[in-house]
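Asks: need coordinates for the following:
(chains A, B, C and D)
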Amino acid sequence: MADISLQTYTVVITGAPYSSQAPQTALDFARAAVAAGHQIDRVFLYGDGVHIASALICPPSDEPHWPRLWSEFLAEHQIPAVACVASALRRGLIDSGEQQRYELSAHNIRAPFEIAGLGEWVEAGTCSKIIYFHSGA
Amino acid sequence: MINTPTRNNEGFLEDAHSWTPQIAEQIAADNGLELSPAHWEIVQFLRDFYQQHAMSPPSNRLFVKAVKEALGEDKGNSIYLMQLFSGTPAKSACRVAGLPRPTNCL
Amino acid sequence: MNQSVADLPAHIHTLHILNKTVEHPRAAQCLATLATADTVLLIENAVLSAPEVAAAAPCPVFMLAADARARGLIAKSGAGTEATGATPQIGYEHMVQLSALATRIISW
Amino acid sequence: MTTLIVIDQAPYGSWSGREGLDMAFSLAAFDQSCALLFNGAGVNWLRTGQQPDGLGQKSVAQNLGAAAIFGVEALYADAQACQRYGLANDAIIAGVTLIAPDQTFMTGFEKVTFAG
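Replies: Numbers count the residues shown, from 1 in each chain, chains lettered A, B, ... in the order given. Presented below is the predicted three-dimensional model:
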């Protein structure tokens, strides 16, 4: 019997919903990790993964709504989630602070996601085990 | 009074190529800053850095590191740079040097 | 059909999580770095390459059952097919166990 | 605790390499030991004489030139991939160490990460 100690994970997602499987695999992994008693200290969205934090994604009603499913999971387990600001701004994912800074017409980030810098990822690397979910393309 | 080219709401030039030393002085004046030779040394360093690497130092920490690498420890430290360029030195100095706002993704 | 914890390796140096078929250049990069103390987990499209990866790998190889089932690689009875070879199929809970056992995780 | 960031996508046609470079710069900013590996088509980042102004993009070779200044410890390139893409030693920017990205090489890094 393998001896499994409890872990603290940071989940990094770089694949976008509806163009890669990454958000689904990552969510199933995260659910299983929490169910096994491990801790997820944060979720970090990078590159195309930032689209998971969009409040404006509308899949057909009979398809899984990955941004909503992720939001619900994060809220339920009180896991902080951050989208990288450099990735987010280039892809049109904006919070109210960036909306003001760049004088944009709207903001579109879905709670509880927040926008922050790669410093969050660097810090995660010093205190938790990082697991990445990339696009398969 | 010279005509400054378009600047964004944070005072950064929209086009780094439209920069001249006169424009630097005006941007500095708008921020309550009079440029001394010590300021100019940093501004010139940033112009050269941009010329060579096609970017602004992305964050304040990396700005300090780059100055240290080029001009030594006496100038490449955040206290010295904050005395010259108040607030966030990378941001203030890039503004005067006509460079894009540091992505500051840190 | 799922493996119990007892069937997982006791120790893993590097867990290689591969989500691309062998035609993807990164799959070749992955195969070039495998060591006997490592474990490979095939997820997403990589399950389609299970026999080839298993033949090339000097270490244990597992595949995510949900991905294999989705792609028609598992018979209704739950048995593996020719396309899965002998590669053990595991659930997300075992993916978590593998990642907890590993000193290092590389997602390719 | 050195982190190896791997860039295996050719420049200009996709952005993931640039996002890998940002990761390396971030580690360096916080004085975390890191190195870059150019693997597969990623070795094309290292070719001298890139002139991407016609594409509205910045030269990745120029951007990469800041890596050493910021404290990125090493630039490695897959020697075989360099050969495949016709990158003779004199066509590669300065400061690159040619290696074989095999098990022995990779074991030297506590973390190995792709940007996407």
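
Asks: now do stretch D:87-95: distance from first to last residue.
Replies: End-to-end distance for stretch D:87-95, by C-alpha to C-alpha, to the nearest Å: 14 Å.

Asks: average pLDDT across that stretch?
Replies: Mean per-residue pLDDT for stretch D:87-95: 96.

Asks: is that stretch anywhere near chain B?
Replies: No. Stretch D:87-95 stays clear of chain B (C-beta under 8 Å from any C-beta of the partner chain), getting no nearer than 12.4 Å. Yep, even glycine has a C-beta here, placed from its N, CA and C like the rest.

Asks: gap between that stretch and the chain center?
Replies: 13 Å (C-alpha atoms, centre = their mean, to the nearest Å).

Asks: just the helices in chain A please.
Replies: Ranges of helices within chain A are A:22-35, A:66-77, A:85-90, A:96-101, A:119-127, based on DSSP state H.

Asks: ok, chain C next?
Replies: Under DSSP H, chain C gives helices at C:25-32, C:50-56, C:65-70, C:92-101.

Asks: residues in contact with the longest one?
Replies: In this case it means helix C:92-101. Residues outside helix C:92-101 that contact it (C-beta atoms under 8 Å, 6 or more residues apart in numbering or on different chains) are A:2, A:4-7, A:9, A:28-29, A:31-33, A:35-36, A:38, A:129, A:131, C:2-3, C:5, C:8-12, C:15, C:39, C:41, C:43, C:62, C:64, C:66, C:90, C:105.

Asks: please report the distance of the nearest residue to residue D:18 once chain neighbours are set aside from residue B:53.
Replies: Distances taken as C-beta to C-beta, 6 or more residues apart in numbering or on different chains put residue D:60 closest to residue D:18, at 7.0 Å, once the chain neighbours are dropped. Per C-beta to C-beta, to the nearest Å, residue D:60 is found 11 Å from residue B:53.

Asks: and the residue nearest the centre of chain A, what is it in contact with?
Replies: Closest to where the C-alpha atoms of chain A average out (C-alpha atoms, centre = their mean) is residue A:45, at 4.3 Å. Contact analysis of residue A:45 by C-beta under 8 Å, 6+ apart lists A:12-14, A:52-53, A:81-84, A:87-88, A:113.

Asks: relative to chain B, which of these is nearest.
Replies: Among the contacts of residue A:45, residue A:84 lies closest to chain B (C-beta to the nearest C-beta), at 6.6 Å.

Asks: contact residues of chain A facing chain D?
Replies: Close to chain D, as judged by C-beta under 8 Å from any C-beta, chain A has residues A:14-15, A:46-49, A:86-87, A:117-119, A:121-123, A:125-126, A:130, A:132, A:134-135.

Asks: and chain D, which residues reach chain B?
Replies: Counting by C-beta under 8 Å from any C-beta, chain D sits next to chain B at D:22, D:25-26, D:28-30, D:58-59, D:62-63, D:65-66, D:69-71.

Asks: from the residues you listed, which land in helices?
Replies: Going by DSSP H, the helices hold D:22, D:25-26, D:28-29, D:62-63, D:66, D:69-70 from the residues of chain D next to chain B.

Asks: and residue C:12, how close does it get to chain D?
Replies: Distance of residue C:12 to chain D, given as C-beta to the nearest C-beta, to the nearest Å: 14 Å.

Asks: can you check residue A:107 too?
Replies: 23 Å.

Asks: likewise residue C:39?
Replies: 14 Å.

Asks: shaky segments in the chain?
Replies: No chain specified, so I'll use chain A. Applying pLDDT under 70 to chain A flags the ranges A:1-3.

Asks: that's the other chain; I wanted chain B
Replies: B:1-4, B:104-106.

Asks: can you pull the buried residues of stretch A:126-134?
Replies: A:128-134 (16 or more other C-beta atoms under 10 Å in any protein chain shown).

Asks: ok, now stretch B:9-16?
Replies: Applying 16+ other C-beta under 10 Å to stretch B:9-16 flags B:12-13, B:16 as buried.

Asks: next one: stretch A:86-101
Replies: Applying 16+ other C-beta under 10 Å to stretch A:86-101 flags A:86-89, A:91, A:93-95, A:98 as buried.

Asks: quick check, nearest of those residues to residue B:94?
Replies: Nearest to residue B:94 among the buried residues of stretch A:86-101, counting by C-beta to C-beta, is residue A:86 at 15.9 Å.

Asks: just to revisit the earlier point, restrict the buried residues of stretch A:126-134 to those near chain C?
Replies: A:129-134.

Asks: could you list which of those residues belong to strands?
Replies: A:129-133 (DSSP state E).

Asks: would CSV of those with distance to residue D:98 be doable?
Replies: Formatted as CSV, these follow (distance: C-beta to C-beta, whole Å):
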residue, distance to residue D:98
A:129, 32
A:130, 29
A:131, 31
A:132, 27
A:133, 31
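
Asks: looking at those residues, which is nearest residue B:39?
Replies: Of these, the one sitting nearest to residue B:39 (C-beta to C-beta) turns out to be residue A:130, at 41.2 Å.

Asks: so who does the closest one touch?
Replies: A:9-10, A:12, A:121, A:124, C:105, D:111, D:113.

Asks: residue B:25 belongs to a helix?
Replies: Yes. Residue B:25 forms part of a helix when assessed by DSSP: H, G, I helix; E, B strand; the rest coil.

Asks: number of nearby residues for the nearest residue to it once chain neighbours are set aside?
Replies: Excluding its sequence neighbours, the residue lying closest to residue B:25 (C-beta to C-beta, 6+ apart) is residue B:35, at 5.9 Å. Applying other C-beta atoms under 10 Å in any protein chain shown, we find 17 residues neighbouring residue B:35.
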